[in-house]
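**Q** let me see the structure of the following:
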Amino acid sequence: MLSPTHRHPTVSRRSCDLHVFPHIIQGGMGVAVSGWRLAKAVAKCGELGVVSSTGIGYVFLARLWEGDEGGHLRRALATFPDQEAAKGLLDKYLGGQLVDGAPKYPYVRHPAVAPTLEQNRIDVMANYCEVWLAKEGHHGWVGINLMEKAQLTNLPSLFGALLAGVDVVFMGAGIPFRIPGVLLGLAGYAAVEYPIHVTGADKDETFATRFAPGEVFSLSAGRWPAIQVPLFFPVISSLVLAKALVKRADGVVDGFIVEGHSAGGHSAPPRGAGPAVPGVAPAYGPKDDVDIAGLAKLGLPFFLAGNQADPSALEQAQAKGAHGIQVGTAFAFCDESGFREDLKAEVRRQAVAGTLDVRADARASPTGFPFKVVQLKGTVSDAAVVEERERLCDLGMLRETYRKEGGGVGYRCPAEPEEHYQRKGGHADDTIGRVCLCNSLLSSCGVVRQRMDGYEEPALVTAGLSAAHIADLVDEVTGRYSAVDVIRHLRAH
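**A** Modelled structure (predicted):
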């Protein structure tokens, strides 16, 4: 077997030429809302399309299990360097059948500090396919968005994205000091490690997850390409964090996404706030406003995100020193978005009627970050739906790692049954108001998981506080709009 250094002794980096870099970034919304179809449509317009890595391994297997309609995953996998590994997943998961009394989708192991060979291969190939399909047939810009909080799957996910030629890596929901070094290592096919936060760990204890390409795939078999290191844009909510990343990151930080608390999905908690209250929006104040002038002095390009869907937003952002804007919610409900069609139609209808209600919940997410929820009957925003659902954690994408008594790492989630969480050392108060984002967000993109008793997981829809502006995009006749319509709208001023 050839060693990584023998195959690729030098590694090149993607150039951040601002003369050609897009001014509009389509937000990376998970789970599968920012899929390859949306990213491709945006990139073909000359802007930066982004796929979401969050939960993509589950979506990948579900699509295979359903038969890979259109043959898209098989077309992408036909180009994967290790064809033996690709064939192994196809033989096991393609076209699985629903049997009476069996779950709709195959069982997948929870993410773990030490994943199995198959887990690693699934995450690599899922991200490879998503990026490859987004980049297919054009020369536009494609990025991938990951959550630092979802640490256990990020290494194989990044390797898969790099193999497919991703142009930019975005990462939020944490402080990703080590990602630049990881990108450099993976581009050289080297083994890499990433530190894991373990609650309750002693000061002298360190924990890390590891990924070694040569241990997961046969590097001597196949068509392994030279990998170019993509640009790295962390998502930040303060000048302090931006300065810390520039100073302490173990590699190059190319720019920033500056995300305000009006953006959809997860937001940074307010500074100096008291305990979060279930169902109550976090209270943001002047301390939570980013020092844009100070950020501009760092000399790196940055993009403003959150409530940027007005046609004048791009011009206003550039007047403040930003290179451009990132927009999520407007794209989230367009034709190419991965949200279920019935959910998109209802959100668009309510936006036009002026009745759309988006609320920030300080406690809903198991991550501890505030989360935006669209109030829709029959979804997890409906108290009756939450009351009916039996608590469980059977996917584990957002589980917390903790130090078990006597040593070793355990896993827990405040959205799992209260008694299970407490048995693992968690506090009962932490379970109040929590909902299962893993299952509900999968359901919102069409992966509606069915339990043994026939119960189907409900959906949850997230959007930014500016979602009412969707009404400006909706066609009066069809009640729809496309990604191209969003781009035209944003460029209109």
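**Q** double-check A415 against C393; I have them as touching.
**A** Yes. With contact defined as CB atoms under 8 Å, A415 counts as touching C393 (6.2 Å). From N, CA and C alone the C-beta is placed, and that goes for glycine too.
**Q** would you say N145 is within a helix?
**A** No. Counting by DSSP: H, G, I helix; E, B strand; the rest coil, N145 is not part of a helix but strand.
**Q** which residue packs closest to it, ignoring adjacent ones?
**A** G28 (2.3 Å; CB to CB, 6 or more residues apart in numbering).
**Q** what residue ranges in the stretch 201-350 of the chain score low on pLDDT?
**A** 221-222, 272-279 (pLDDT under 70).
**Q** which residues of it fall in helices?
**A** Along the stretch 201-350 of the chain, counting by DSSP state H, counting those that start in this stretch, helices occupy 213-216, 239-248, 292-296, 313-319, 329-332, 341-353.
**Q** all strands for this protein, in order.
**A** 24-26, 48-52, 141-147, 168-172, 192-195, 208-211, 231-236, 256-259, 302-305, 324-327, 358-361, 371-374, 400-403, 409-412 (DSSP state E).
**Q** for the second one, buried residues please.
**A** Right, strand 48-52. Neighbour-count burial for strand 48-52, counted by 16 or more other CB atoms under 10 Å, picks out 48-52.
**Q** among the strands of the chain, which comes closest to Q350?
**A** Smallest distance to Q350 across the strands of the chain (CB to CB): 8.5 Å, for strand 371-374.
**Q** just the C-alphas of the closest one, formatted as PDB.
**A** Listed next in PDB are the C-alpha coordinates belonging to strand 371-374 (Å, rounded to 0.1, in the frame of the first residue of the first chain):
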ATOM      1  CA  PHE A 371     -33.400  27.200  18.000                       C
ATOM      2  CA  LYS A 372     -36.000  28.800  15.700                       C
ATOM      3  CA  VAL A 373     -39.300  27.000  15.200                       C
ATOM      4  CA  VAL A 374     -42.100  27.700  12.700                       C
END
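**Q** give me the neighbour count for the nearest residue to D357 once chain neighbours are set aside.
**A** Leaving aside its sequence neighbours, D357 sits nearest to Q375 (CB to CB, 6+ apart; 4.1 Å). Neighbours of Q375 under the rule other CB atoms under 10 Å: 14.
**Q** now A468: how far from P176?
**A** 33 Å (CB to CB, to the nearest Å).
**Q** and for L241?
**A** Applying CB to CB, the value for L241 to P176 is 10 Å.
**Q** neighbour-wise, which of the two wins?
**A** Taking other CB under 10 Å, L241 and P176 do not tie; P176 has more neighbours (24 against 16).
**Q** tell me the phi and psi of the closest residue to that one other than its chain neighbours?
**A** Excluding the flanking residues, the one nearest P176 by CB to CB, 6+ apart is E148, at 4.7 Å. When read as degrees, to the nearest 10, the backbone of E148 gives phi -60, psi -30.
**Q** now do E148 against V235, distance only.
**A** For E148, the distance to V235 - CB to CB - is 9 Å.
**Q** thinking again about what came up before, which residues are common contacts for A415 and C393?
**A** Counting by CB atoms under 8 Å, 6 or more residues apart in numbering, the common neighbours of A415 and C393 are C436.
**Q** helices along the stretch 1-150 of the chain, start to end?
**A** Counting by DSSP H, counting those that start in this stretch, the stretch 1-150 of the chain has helices at residues 4-7, 36-43, 56-65, 72-77, 83-93, 117-135.
**Q** quick one, which of those helices is nearest to E388?
**A** Closest among the helices of the stretch 1-150 of the chain, using CB to CB: helix 56-65, at 23.0 Å.
**Q** surely V108 and G57 touch.
**A** Yes. Counting by CB under 8 Å, G57 is a contact partner of V108 at 7.2 Å.
**Q** what sits in contact with each of the two?
**A** Here V108 and G57 share the contacting residues 119, 122, scored by CB under 8 Å, 6+ apart.
**Q** more neighbours: which of these two?
**A** G57 (24 against 17).
**Q** do you know the pLDDT at the more buried one?
**A** For G57, the model assigns a pLDDT of 94.
**Q** ok, now how distant is it from D17?
**A** From G57 to D17 the distance is 33 Å (CB to CB).
**Q** can you give me the neighbour number for the residue nearest to P176?
**A** Using other CB under 10 Å, E148 has 19 neighbouring residues.
**Q** got it, and H469?
**A** Here the count is done by other CB under 10 Å, and H469 has 16 residues near it.
**Q** quick one: contacts for the spatially closest residue to it that is not a sequence neighbour?
**A** Excluding the flanking residues, the one nearest H469 by CB to CB, 6+ apart is A309, at 4.9 Å. By CB under 8 Å, 6+ apart, A309 lies in contact with 327, 329-330, 466, 469, 489-490.
**Q** quick check, nearest of these to V347?
**A** T329 (9.6 Å).
**Q** my read: the closest one touches A463, true?
**A** Yes. The criterion here is CB under 8 Å, and T329 meets it with A463 at 4.7 Å.
**Q** look at the two and report which has more neighbours.
**A** Taking other CB under 10 Å, T329 and A463 do not tie; T329 has more neighbours (30 against 26).
**Q** spatially, what comes nearest to the more buried one if we skip its sequence neighbours?
**A** Per CB to CB, 6+ apart, closest to T329 is G464, 4.0 Å.
**Q** now for that neighbour, how many residues are close by?
**A** Applying other CB under 10 Å, I find that G464 has 30 neighbouring residues.
**Q** contacting residues for it?
**A** 262-264, 306-307, 328-329, 358, 372.
**Q** again, only using 10 Å
**A** By CB atoms under 10 Å, 6 or more residues apart in numbering, the contact list for G464 reads 27, 29, 260-265, 267, 305-309, 327-330, 332, 358, 360, 372, 374.
**Q** next, find the distance separating G396 from L152.
**A** Using CB to CB, G396 is found at 9 Å from L152.
**Q** joint contacts of those two?
**A** Contacts common to G396 and L152, judged by CB under 10 Å, 6+ apart, are 110-112, 411.
**Q** could you dump the residues you listed to TSV with pLDDT, distance to Q350 and neighbour count?
**A** Converted to TSV, those look like this (pLDDT from 0 to 100; distance: CB to CB, whole Å; neighbours: other CB atoms under 10 Å):
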residue	pLDDT	distance to Q350	neighbour count
H110	88	36	16
P111	89	35	22
A112	89	40	16
Y411	93	38	18
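**Q** which one among those gets closest to G70?
**A** Taking CB to CB as the measure, G70 sits nearest to P111 out of these, at 28.2 Å.
**Q** quick check: closest non-adjacent residue to the closest one.
**A** Nearest non-adjacent residue to P111 (CB to CB, 6+ apart): L152, at 3.8 Å.
**Q** you'd agree the one you found is up against V198?
**A** No. Using CB atoms under 10 Å as the test, L152 is too far from V198 to be in contact (11.5 Å).
**Q** report the set of residues contacting both of the two.
**A** With CB under 10 Å, 6+ apart as the test, L152 and V198 both reach 113, 401.
**Q** and the two? Which one has more around it.
**A** L152 (23 against 20).
**Q** show me what contacts that one?
**A** 110-115, 119, 123, 194, 196, 209, 396-397, 399, 401, 411.
**Q** likewise for K92?
**A** For K92, the contact set (CB under 10 Å, 6+ apart) comprises 61, 64-65, 106, 118.
**Q** just flag the most distant two among the shared contacts of G396 and L152.
**A** Farthest-apart pair in those is P111 and Y411; separation 8.6 Å (CB to CB).
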